[in-house]
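**Q** Compute the structure for the input listed below.
(one chain, ligands or ions: 8)
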Amino acid sequence: MKLFKAALALGAFALLTTSVSVVVADDCIDCHTKETPGMVSDWKLSEHSKNDVTCATCHGDAHSTAADYKKAVLPSEQVCKECHEEQFDQFSHGKHNFGWTSLNAIPATHIAPDQLMEGGGGCGGCHNMGIKTEAQLKEREAQGYRYQNNSCDECHTRHTFSKKEALDPRACQQCHMGYDHPQWEMWSTSKHGSRYFAREAGNLPEGASAPKCQDCHMKDGDHNNRTAWGFLGVRLPLPEDPQWKADQITILKALAVLNPETGEPGPVYGAVAAVDLARLDKESFDKERNKMISICSECHSEKYATERLNLGDSFFPEIDRMMADAIEIVAALYKDGIIEKPADYPFNYPFLLTFMETGGLAGRTDSSKISFIDQILLQMYMKHRMRAYQGFFHVNPDYAYWYGYAQMTKDLGEINELNKTMRATHHK
Ligand code: HEC
Ligand code: HEC
Ligand code: HEC
Ligand code: HEC
Ligand code: HEC
Ligand code: HEC
Ligand code: HEC
Ligand code: HEC
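**A** Ligands and ions are numbered 1, 2, ... in the order given. Below you'll find the predicted structure:
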């Protein structure tokens with residue numbers, strides 16, 4: 001056993017003086033104390049160093065010189081699993097486990113520069129979450145991408161691997177912020193978040209309640225995370241209300257989940273099911289919703305919590321009416337030949353999953369093919385509709401109204417004006 005050998009190597013005197021952390025005298029640490037001192041000192045602060053989980057436990061011992069550094073194993077989640085099977089299993093059933101696969105299922109990924117994807121400088125920097133299959137790992141390696149193969153260091157970062165860090169809501173901030181999912185901004189400026197920070201500053205008593213991300217989404221340390229509505233704000237079965245139903249169908253067409261010509265499942269339907277992009281039956285929606293209500297009910301009355309969340313649901317028909325209106329205006333421009341169908345679009349219909357690069361691949365070489373009205377439509381869906389309902393659920397009135405709903409009305413106004421101009425100036 002390594003711990004035993006280390007103790008022998010250190011001798012009796014060292015044993016007497018090193019009571020807290022066990023200093024393991026091995027080559028990795030000696031050399032890396034010179035090469036990467038910050039990394040070694042972080043490891044020394046970790047529970048791992050106290051439990052004789054050393055550099056070689058995770059990286060193997062094949063590398064021993066500066067020249068052969070590529071022989072060091074860059075450990076995937078499978079290595080963590082050897083000792084943390086419970087968290088690994090929970091994680092593998094959760095939504096985070098789909099990060100990499102869902103990124104690659106999106107057309108926008110294959111249009112944008114590799115540096116941002118496989119290189120982790122953009123979309124890939126947040127979406128490298130997920131246990132990669134052997135095939136996915138091989139593909140990355142073949143493309144020359146060596147790092148970022150582990151999801152477990154995203155919240156308790158290497159090499160401290162601290163539980164306390166992961167319980168800090170800031171652990172979620174890097175990814176759950178910004179353009180299309182500003183949960184950090186919404187939560188931190190809500191009453192829930194402001195109480196959290198007031199307590200942190202000592203302005204509320206220690207025991208005062210102030211829910212943070214983990215309390216609502218990783219209850220009791222459960223690494224299996226998922227919400228009722230999810231990211232796209234669509235679900236099955238479709239609603240009974242005829243107008244809302246029609247509007248959700250229009251949105252599903254613009255996502256190519258449904259074929260706009262036939263109404264049958266479209267090319268993206270399979271991907272949505274495969275990466276659990278939306279809850280596709282009532283049971284899976286209710287399961288997540290009821291879980292959330294029981295969490296809210298620790299501090300609020302159950303009636304209060306249920307009513308608040310139902311109010312969030314009833315907000316969708318309002319925002320979907322505007323959204324569908326906008327999609328239909330742009331769809332008519334495609335139908336009338338005023339916007340030309342980009343070659344890589346699945347249908348002669350607006351397609352939201354090319355993100356800002358509306359016009360598709362063709363748009364990158366010929367900027368005149370990028371349709372600006374499509375970009376406003378994308379912004380209305382990705383930025384403003386997201387904020388409207390996510391803000392509502394995160395108890396942030398300003399995001400729900402001014403950054404969300406109000407901006408959608410502005411987008412619709414712009415789309416109406418552009419529609420008029422495009423039609424007036426179009427020459428066959
Ligand atoms: C003689 C010095 C030396 C020893 C001994 C040594 N390393 Fe390294 N290691 C290096 C250097 C130098 C690098 C490259 C650092 C750089 O690029 O700045 C490196 C890189 C690494 C990397 C990163 C690999 C990559 O692909 O970027 C890992 C992981 C690593 N070492 C782990 C270990 C482990 C585990 C041991 C013990 C089994 C060990 N090292 C022993 C010097 C050493
Ligand atoms: C509990 C497992 C674990 C232990 C113990 C561990 N590492 Fe790592 N290490 C990782 C993971 C995970 C990564 C990230 C792998 C990736 O990017 O795919 C990593 C990455 C690295 C890298 C390359 C990335 C960088 O930031 O430079 C080096 C170098 C490295 N470790 C050295 C060490 C050394 C030296 C020790 C001992 C002091 C050590 N590791 C102990 C898990 C561990
Ligand atoms: C050889 C076994 C082993 C491996 C491999 C291992 N760990 Fe650990 N880990 C431990 C032990 C032992 C502890 C301390 C006792 C405990 O909390 O279970 C620990 C504790 C932790 C903690 C809690 C630390 C705290 O602050 O309480 C985290 C987080 C963690 N490990 C993450 C990881 C991750 C991520 C990996 C893979 C990169 C990994 N571990 C690989 C054995 C291991
Ligand atoms: C490294 C980036 C990253 C970090 C850090 C991160 N997440 Fe995520 N999270 C993602 C990605 C990416 C997805 C979407 C996964 C997918 O593509 O299916 C996601 C999805 C989720 C979902 C599921 C939403 C749904 O669709 O139902 C929840 C809930 C969530 N994260 C909560 C958290 C919490 C809480 C933390 C902090 C403890 C956290 N995340 C930290 C990147 C991250
Ligand atoms: C700042 C980190 C970050 C960046 C950069 C990022 N994403 Fe995401 N992405 C997330 C998070 C977090 C979620 C989950 C949000 C939610 O559920 O509200 C998500 C959700 C998604 C989803 C839906 C996953 C699902 O099943 O719910 C797709 C698809 C997606 N992102 C693709 C992309 C693409 C393509 C890019 C680059 C153009 C990108 N993302 C850039 C963090 C990021
Ligand atoms: C008080 C509980 C609570 C807190 C705290 C909280 N959330 Fe949420 N979160 C919710 C609810 C409720 C929903 C919507 C659930 C549904 O669809 O029924 C949600 C939804 C989400 C989603 C899916 C997309 C969306 O926004 O609707 C993500 C991702 C997410 N939260 C991440 C976070 C992150 C990250 C934090 C911390 C910065 C956080 N949440 C803080 C309750 C909370
Ligand atoms: C989205 C953020 C996030 C990711 C990704 C994540 N963890 Fe955690 N982890 C946490 C949080 C939060 C806690 C603290 C849970 C608690 O005690 O309530 C934690 C705690 C742990 C602990 C300590 C458990 C204990 O009670 O002592 C281990 C071990 C662990 N995680 C392993 C892993 C492994 C293995 C992976 C990858 C499969 C992983 N984690 C991925 C957020 C994350
Ligand atoms: C850990 C305790 C806790 C949890 C869990 C919690 N809340 Fe709260 N919530 C509070 C506190 C404390 C306040 C501040 C009360 C006030 O404004 O007087 C608050 C405020 C609110 C407010 C604003 C109330 C107002 O009067 O302005 C709403 C709405 C709300 N919570 C809904 C929810 C929902 C929905 C959930 C579950 C998704 C939830 N909360 C979970 C403690 C919690």
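**Q** Need the contact partners of the helix or strand where Trp184 lies.
**A** Under the criterion of DSSP states H and E, Trp184 resides in helix 183-188. Residues outside helix 183-188 that contact it (CB atoms under 8 Å, 6 or more residues apart in numbering): 169, 172-173, 176-177, 193-194, 196-197, 212-213, 387, 390-391, 394, 396, 399. Just so you know, the C-beta spots here come from the backbone N, C-alpha and C atoms, and that holds for glycine as well.
**Q** How about stretch 247-258?
**A** With contact meaning CB under 8 Å, 6+ apart, stretch 247-258 is reached by 232, 234, 238-239, 259-260, 263-269, 272, 317, 320-321, 323-324, 327-328, 331, 346-347, 349-353, 377, 381.
**Q** Around His156, how many other residues sit close by?
**A** Using other CB atoms under 10 Å, His156 is surrounded by 17 other residues.
**Q** wait, I meant Ser301
**A** Using other CB under 10 Å, Ser301 is surrounded by 10 other residues.
**Q** Likewise for Asp215?
**A** 18.
**Q** Please report phi then psi for the nearest residue to it once chain neighbours are set aside.
**A** Spatial nearest neighbour of Asp215, excluding adjacent residues (CB to CB, 6 or more residues apart in numbering): Ile295 at 7.0 Å. In terms of degrees, to the nearest 10, the main-chain angles of Ile295 are phi -70, psi -50.
**Q** now do Pro265
**A** phi -50, psi 130.
**Q** now Leu258
**A** Main-chain torsions, Leu258, degrees, to the nearest 10: phi -120, psi 150.
**Q** Okay, and the beta partners of it?
**A** On the basis of DSSP bridges, Leu258 is bridged to Pro265.
**Q** Report the secondary structure state of Cys155.
**A** What DSSP: H, G, I helix; E, B strand; the rest coil gives for Cys155 is coil.
**Q** Can you name the residues that contact it?
**A** Counting by CB under 8 Å, 6+ apart, Cys155 touches Glu165, Ala166, Ala171, Cys172.
**Q** Tally up the residues packed near the residue nearest to Asp215, please.
**A** Residues lying near Ile295 (other CB under 10 Å) number 16.
**Q** ditto for Gly359
**A** When neighbours are defined as other CB under 10 Å, Gly359 has 25 of them.
**Q** Provide a list of residue ranges in the stretch 251-400 of the chain with pLDDT below threshold.
**A** For the stretch 251-400 of the chain, the stretches flagged by pLDDT under 70 are 360-370.
**Q** What parts of the stretch 51-200 of the chain come near ligand 7?
**A** Residues of the stretch 51-200 of the chain lying near ligand 7 by CB under 6 Å from any ligand atom: 77, 80, 84, 87-88, 91, 96, 151-152, 154-156, 163, 166-167.
**Q** Give me the distance between the residue nearest to Asp215 and His192.
**A** Applying CB to CB, to the nearest Å, the value for Ile295 to His192 is 12 Å.
**Q** repeat for Lys219
**A** To His192, Lys219 is 15 Å away according to CB to CB.
**Q** between those two, who's got more neighbours?
**A** His192 (22 against 14).
**Q** Under a three-state scheme, what state does the more buried one occupy?
**A** Assignment for His192 (three-state DSSP): helix.
**Q** tell me what the longest helix anywhere in the chain is packed against?
**A** Of all the segments of type helix in the chain, defined by DSSP state H, the longest one is helix 302-335. Helix 302-335 sits against helix 242-254, helix 282-296, helix 372-379, helix 386-393, helix 406-425, with contacts defined as 3 or more CB pairs under 8 Å, 6 or more residues apart in numbering; DSSP states H and E.
**Q** Swap in 10 Å and give it another go.
**A** For helix 302-335, the elements it packs on are helix 242-254, helix 282-296, helix 372-379, helix 386-393, helix 397-400, helix 406-425, judged by 3 or more CB pairs under 10 Å, 6 or more residues apart in numbering; DSSP states H and E.
**Q** now the contacts of stretch 247-258: which count as buried?
**A** By neighbour count, with 16 or more other CB atoms under 10 Å, the contacts of stretch 247-258 hold 232, 234, 239, 259-260, 266, 268-269, 272, 320-321, 323-324, 327-328, 331, 347, 349-353, 377, 381 as buried.
**Q** quick revisit: which neighbours do Ile295 and His192 share?
**A** Residues touching both Ile295 and His192 by CB atoms under 10 Å, 6 or more residues apart in numbering: Pro211, Asp215, Cys216.
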